[in-house]
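*Asks:* how does the following fold in three dimensions:
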Amino acid sequence: MGKAMTVLMLLLLWVIAVHSEAEEAFDVRQHLSTVSRYGVVKDIADNSFVPSNIPDQCTPIHLNLVARHGTRAPTKKKMRALNNLAAHLEVLLRDAKEQNLSLQKVPAWFWGWKSPWQGKLKGGELISKGEDELYHLGTRIREKYPELFNEDYHPDVYAIKTTQIPRASASAVAFGMGLFSGKGNLGPSRHRAFAVTSESRASDTMLRFHDCCQNYKNFRKSQEPAVDKLKEPILNEITHALVRRYELNFTREDTSSLWFLCKQEASLLDITDQACALFSPSEVALLEWTDDLELFVLKGYGNSLNYRMGVPLLKDVVQSRRRTCSWQL
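*Replies:* Okay, the predicted model is just below:
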């Protein structure tokens, strides 16, 4: 009996130690869905990826890259939501005090908290971290495929296209600055001018296709309530956990807003000990899953319309490869 109890205690201690190590190793910045920064996955080993073996006699002759914009500031709509969250936290704290509830479990940062973007009139712009991401993406591309950049610059050879959304066009400029750094004669860093082109937002079927497709707009509007319904059980479960943990009457909307705040703080400000610390790693995983679910249904493979809209872009990629191959013959 004594030996069995000793073994059980050792097993319990081992489980606790492993769980503690997992908690310490957990980095919420790797679980922010589309808010994750470019660089956050650079050091993550993916054992399932096996690179292709390229024969020694083969050299790259063409490259297509479709990239998202870099890290951006929250939009005006999201900034209003964070201001509303700040106001509601005040109400929750005031109600708790009036009801003589214990406030010992309330996180210290709740008191007097204001949105970091309070007072900003505009939002959604590319921030300096986003500029840096795309600049270094450009330098890494050139380092990986140096043979492709030996030719003198010409806009038909090195075509950079972007949408008319300012954060996207700014990302394209930052990418081009990295791609062509040291290749020109402008300033001490030897930058060079390069062309960035875009189509009208109203007719950009290649890069802004979701704005041009009325069927998609109708589909998304019809599906958003159903997606919200799918997310409800997870948000309810986590809301109840937050209420028990901090003894404040959080709502499901508060949970969504706090999760959004967590993503913005972690990605834009490198703050992980405030909103993100409200959630356990398992809760973060569930919240990330709700984000992924929404993206799957409304923007991803959950509906064929989502990817059929991208056919003009795919067609352009295929045609550009064929043109390159014909020039090589």
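*Asks:* which strand or helix spans Ser181?
*Replies:* For Ser181, there is no enclosing helix or strand under DSSP states H and E.
*Asks:* go ahead and confirm it touches His136.
*Replies:* No: assessed by CB atoms under 8 Å, Ser181 is found out of contact with His136, at 10.2 Å. C-betas here are computed from N, CA, C, even on glycine.
*Asks:* which residues are in contact with the residue lying closest to Asn185 once chain neighbours are set aside?
*Replies:* Nearest residue to Asn185 in three dimensions, chain neighbours excluded: Arg192, at 7.1 Å (CB to CB, 6 or more residues apart in numbering). Arg192 makes contact with 153, 180, 183-186 under the criterion CB atoms under 8 Å, 6 or more residues apart in numbering.
*Asks:* of these, which is the nearest to Asn84?
*Replies:* Phe180 (43.9 Å; CB to CB).
*Asks:* let me know the pLDDT of the closest residue to that closest one other than its chain neighbours.
*Replies:* Take Phe180 and drop its neighbours on the chain: the residue closest to it by CB to CB, 6+ apart is Arg192, 5.2 Å away. For Arg192, the model assigns a pLDDT of 95.
*Asks:* mean confidence score for the longest helix seen in the chain?
*Replies:* The longest helix of the chain (DSSP state H) is helix 214-246. Taken as a whole, helix 214-246 has an average pLDDT of 97.
*Asks:* what does stretch 201-208 give?
*Replies:* 93.
*Asks:* which residues are in contact with that stretch?
*Replies:* 161-165, 168, 198-199, 211-212, 312-313, 316.
*Asks:* next one: stretch 240-256
*Replies:* 85, 88, 92-93, 95-96, 101-103, 105-107, 232, 235-236, 238-239, 258, 278, 280, 283.
*Asks:* off-centre distance for it?
*Replies:* 25 Å (CA atoms, centre = their mean, to the nearest Å).
*Asks:* try stretch 148-160
*Replies:* 30 Å.
*Asks:* again with stretch 109-127
*Replies:* 18 Å.
*Asks:* pLDDT weak spots in this protein?
*Replies:* The model of the chain has pLDDT under 70 over residues 1-24, 43-48, 328-329.
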